[in-house]
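K.L.:
Predicted model, plus sequence, below.
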Amino acid sequence: MTGTYCVHCGEPLAGSEHPRCHTPRTALEPPRFCAQCARRMVVQVTPTGWEARCSRHGACTSEGTG
């Protein structure tokens, strides 16, 4: 997922390195913030994956669809 905002902390990507957001641990976690608008997303984690939904930009899943 690419965009203007960090999906782990919601801060703008431009001009910041986000060292705490880019660790091996966070690579396995679902996004918590929308990459397009930085809104907090509704995240549902299941045994087989996850789905994250932004009220404005829709859903994304661990399978990469959406």
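P.N.:
Ah, there it is. Quick caveat: nothing in here was measured; it's all calculated off a predicted structure.

K.L.:
quick one, what contacts the residue nearest the centre of the chain?
P.N.:
For the chain, the residue nearest the mean C-alpha position is residue 31 (2.3 Å; C-alpha atoms, centre = their mean). Counting by C-beta atoms under 8 Å, 6 or more residues apart in numbering, residue 31 makes contact with 1, 7-8, 41, 43, 52, 60. Every C-beta, even on glycine, is put in place using the N, C-alpha and C of the backbone.

K.L.:
Distance check, it against residue 19.
P.N.:
18 Å (C-beta to C-beta, to the nearest Å).

K.L.:
Quick one: low-confidence residue ranges for the chain.
P.N.:
1, 65-66 (pLDDT under 70).

K.L.:
any chance you could map the helices in it?
P.N.:
24-27 (DSSP state H).

K.L.:
Now the residue nearest to the centre of the chain: closest residue in space that isn't a chain neighbour?
P.N.:
residue 7 (3.4 Å; C-beta to C-beta, 6 or more residues apart in numbering).

K.L.:
Could I get the contacting residues of the one you found?
P.N.:
Applying C-beta under 8 Å, 6+ apart to residue 7 gives the contacts 1, 31-35.
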